[in-house]
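A.B. asks: Pasting the sequence and the predicted model now:
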Amino acid sequence: MKFLERQLGDPSRRARLKLGCYVGLAVVLLADVAVPLVFHEKHTISFESWPAFGSVLGLIASVLIVVVSKTIGKLGLMRRETFYDS
């Protein structure tokens, strides 16, 4: 943990790390848009050919999984703090 604290404690290193993450994100986004334009695939559904469709679908699915699991946890799994006292 000391190594990570030292790396993230310095503002200039944190700025370089943030910039590196943004550059990596931009590269992945460009690849997600450019690859389907270069390699033409046959799609079964028309909106599968939209640029970055897989990324957007993955983001929506991840957010939906988190929201549903938190809702299930709050409604069915969580108990009052005094549940085991009696």
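C.D. replies: Arrived safely.

A.B. asks: distance of Gly16 from Ser62?
C.D. replies: One thing to correct before we go on: residue 16 is Arg, not Gly. 27 Å (C-beta to C-beta, to the nearest Å). C-beta here means a position set from N, CA and C on the backbone, and glycine is covered the same way.

A.B. asks: any idea how the protein splits into domains?
C.D. replies: What automatic domain parsing lists as the domains of the chain is 1-40, 41-86.

A.B. asks: possible to save those domains as CSV with mean neighbour count and mean pLDDT?
C.D. replies: Formatted as CSV, the domains of the chain follow (neighbours: other C-beta atoms under 10 Å; pLDDT from 0 to 100):
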stretch, mean neighbour count, mean pLDDT
domain 1-40, 10, 84
domain 41-86, 10, 84
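
A.B. asks: Within the helices and strands, which one has the residue most central in space within the chain?
C.D. replies: Nearest to the mean C-alpha position of the chain, counting by C-alpha atoms, centre = their mean, stands Leu59 at 5.9 Å. Per DSSP states H and E, Leu59 falls inside helix 53-72.
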